[in-house]
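Novice: show me the folded form of this:
(2 chains)
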Amino acid sequence: MKLSSILADITIIIICFILLELIIRISAPLVSGNVRQIYEIPDVASRLVEQESAILFLGNSLMGNALDVAEFDKQANLEVSSFKVIPDGTSLWDWSCIVKNNFIDKKRLPRAIIVGYAWRQAGPVPSRLGGFFCAAKDLPELIDLGMDNSSDVLEFLVAKASKLYAMRETIRKRMLDILIPDYRIYTQMINTERNKNRRVVDVEKKPEDFKLLSAYMNLLVSNNIKPVIIAMPVVQAYELDEGFFKTVKNSGGVVLDYRELEGIDDSMFRDSIHLNERGNKVFTHHLASDMKNILSRDGSFEQGR
Amino acid sequence: MLFNSFIFWFFFLFVIVLYRQLSHAPQNRLLLIASYVFYGFWDYRFLSLIFISTVIDFYAAQNIVAASEEKKKKQWLLVSIVFNLGMLGFFKYWNFFIGEFSELLDFLGFAASVPMLDVVLPVGISFYTFQTMSYTIDVFRGKTKPTNNFLDFALYVSFFPQLVAGPIERSSHLLPQITVKRKTNGHDFSEGFYHVVTGLFKKVVIADNMAPLVNTIFARPINDLTGPEIIMGVYAFAFQIYGDFSGYSSIAKGIAHWMGFDLMWNFKNPYFSSSPSEFWTRWHISLSSWLRDYLYIPLGGSRGGLKKTFRNLMATMCLGGLWHGAGWTYILWGFYHGVLLVVYHAFEGRKSGSEKNIGRISMMLRTFFFFNLVAISWLFFRAESIGQIGDMMFLVVTDFTVTKFTIYGFAAILFFTMPLMLFEYWTERSGNLLVLLEARWGVRFVSYSYFIVMLIVFPPLISQEFIYFQF
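Specialist: Model prediction:
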């Protein structure tokens, strides 16, 4: 085989990859509503800075289904504007990077940031962190906080370099939704059965480490932002470690324990974890009332701009 | 350290960069160290087993050559075989045979307390013990000249691309590539790349996407299944095991190519076989040829008439089944393949050349029919117990309820495997397994684009270990 032929092969492979990467980068917001929402986070941050006083709600689909922001503003009557950033499947790892890179580093500081939390702290998803939420400079801190597996670090770096890689799950879901009948229903069923059959792994028995939570709380408090964490309601109640409450309290934050929220019953869920419209009304009402109390009694937390 | 993990490619990048800077002897030392590091990542405790096996077989071979009497030669050969099979027997089969023995005693009315051990199976033990045994046997037979360099021999035993899941190389093929200076050229790069990409595709895209379907079907209680769902699960497993094992062999061949080694082909489009004999010249070739050369032929092969041929075939295939795992399901799998071979030899094998010539349509139908016979064998291989095999086979012939889950499963099988099967059909028709390397640039562009997109976008959320590591 001639050298020119080998170079042709290498060129073909590189061109394939670059073309695909370009297509994905250009069309990313069209791939899914969730990705579009992620791409809009800088806009949310810009709009937030235009307000005199603002509250930022962070979370995933739990928060997305539970909260009606317009209704919250109306009921709380706090003379603040509220913004919601709720990308699907995200956790405290992602929210920390979102807050740091889009709000704190750019001096767009809300008065309070409220996150919706449930169960025990989820592990990092390196390709999501690298592809969407974290900067390369965040890597040392992520490693320090526990993302120290070499595969995770490499996955983070690859996702940082390639959007095609970072968005693979979204593209996969979209394509298989079209090509395979009832793809989501049966994939979900397979996952549920697998989890049921799987033995409880040692990792899950390990005591929870609140290093990340503590770092997140300190980040907010040091920037004069009031941290509020909501323990979200789901159908089957879950336990939270004592360390979780201590960490939030010791850092100067507030936990709103909504795991068994008055007025919420099983009929107010659309599935086992997401609230429906009726549940949304009750949740928003409680939150508006609680936040009014928290922010009015905590006058020392002036907006940090 | 899995071939489909970032850490492996990081490790390999380090090795290959250093390798390129070195001359022949230091290259071999580097590969030996890399091989021990690679294996140590799995379980460093078992490095000692590889080392002891290396020492024993090295000195056994030296003594076989040095001995002047046939009796002495045989004794040294016996040392090698007893040690290797003893090690394999202890780690892999102790609990199985002791457990079965205990049940037999119970059945006969003797309550006996037999010692069951908490033995961990060392990764790849079946592969490297067979590889080293073939060396001493070939030295005994005069087919291989033993090496005097212990470190070169140690590399032959532990060469990391094929250490944990084959191909099981022969000393006559691999050892000269270690002892003689190697050269790499552009063709090696292209061919290596082709093997690596197609191997990763088979493992990550095909096998790992079939695994959730297979695991669901084989973990469900029989009452929660229908016949077509079981058929779907069995087909999914047929592609899972093919993708998993041939994928590993292909990646091994590819990375070895980048270092100037040419490992043997372990799979050659096996699902395009139209007979049991042909299947075993295309599936896990390194094991089937090992069993042929060191078991079937020494037993007498086909030299002693039909009855003895059938006996030898059955014995070889049952032991081949047992090689895969210590369980009755594996033995049954081997037995079933033995029966297929016997039936084929009894009827088809005796036809003359002109009688065997059939048209393309007939050949396709025959290939499809034989694929289904092989698929049945995968039910035996994957099932947890003989009872599960019976239950599942009964349901397949008595329940014909097509559920939505069946349709979902078959759609997934078609989506993931059909392009690979079409690709293999192309290589089959052209008679050249590397036809893509010689294709026009447009064809290469489309093919590589497809492989790259699938590799990036379609790995499942949970990656799976290679199935053959457990053997």
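Novice: what ranges do the strands span in the stretch 1-150 of chain A?
Specialist: For the stretch 1-150 of chain A, strands defined by DSSP state E, counting those that start in this stretch occupy the ranges A:54-58, A:81-85, A:112-117.
Novice: top helix in chain A by residue count?
Specialist: What stands out as the longest helix in chain A, according to DSSP state H, is helix A:3-31.
Novice: how about that helix: buried residues?
Specialist: Of the residues in helix A:3-31, those buried under the neighbour-count criterion (16 or more other Cβ atoms under 10 Å in any protein chain shown) are A:6, A:9, A:12, A:13, A:16, A:17, A:20, A:21, A:24, A:28. In short, each C-beta sits where N, CA and C put it, glycine included.
Novice: kindly reformat these as JSON lines containing distance to chain B.
Specialist: Formatted as JSON lines, the entries for the buried residues of helix A:3-31 read as follows, by distance: Cβ to the nearest Cβ, whole Å:
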{"residue": "A:6", "distance to chain B": "4"}
{"residue": "A:9", "distance to chain B": "5"}
{"residue": "A:12", "distance to chain B": "5"}
{"residue": "A:13", "distance to chain B": "6"}
{"residue": "A:16", "distance to chain B": "4"}
{"residue": "A:17", "distance to chain B": "6"}
{"residue": "A:20", "distance to chain B": "6"}
{"residue": "A:21", "distance to chain B": "10"}
{"residue": "A:24", "distance to chain B": "10"}
{"residue": "A:28", "distance to chain B": "13"}
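Novice: switch those residues over to JSON lines; also include pLDDT and distance to residue B:130.
Specialist: Putting those into JSON lines (pLDDT from 0 to 100; distance: Cβ to Cβ, whole Å) gives the following:
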{"residue": "A:6", "pLDDT": "64", "distance to residue B:130": "36"}
{"residue": "A:9", "pLDDT": "71", "distance to residue B:130": "35"}
{"residue": "A:12", "pLDDT": "76", "distance to residue B:130": "39"}
{"residue": "A:13", "pLDDT": "76", "distance to residue B:130": "36"}
{"residue": "A:16", "pLDDT": "78", "distance to residue B:130": "40"}
{"residue": "A:17", "pLDDT": "82", "distance to residue B:130": "40"}
{"residue": "A:20", "pLDDT": "84", "distance to residue B:130": "42"}
{"residue": "A:21", "pLDDT": "87", "distance to residue B:130": "44"}
{"residue": "A:24", "pLDDT": "86", "distance to residue B:130": "46"}
{"residue": "A:28", "pLDDT": "81", "distance to residue B:130": "50"}
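Novice: the residue in the stretch 51-200 of chain A positioned nearest to chain B: neighbouring residues, count only.
Specialist: With distances taken as Cβ to the nearest Cβ, the stretch 51-200 of chain A approaches chain B most closely at residue A:154, which sits 3.8 Å away. A count of nearby residues for residue A:154, using other Cβ atoms under 10 Å in any protein chain shown, gives 17.
Novice: show me where pLDDT drops low in the chain?
Specialist: Answering for chain A, as no chain was given. Scanning chain A for pLDDT under 70 picks out A:1-6, A:52, A:197-207, A:298-305.
Novice: right idea, wrong chain: chain B
Specialist: Of all residues in chain B, those with pLDDT under 70 make up the ranges B:111-117, B:119, B:349-356, B:461-471.
Novice: just want the most central residue of it.
Specialist: residue B:284 (4.6 Å; Cα atoms, centre = their mean).
Novice: perfect, that will be all.
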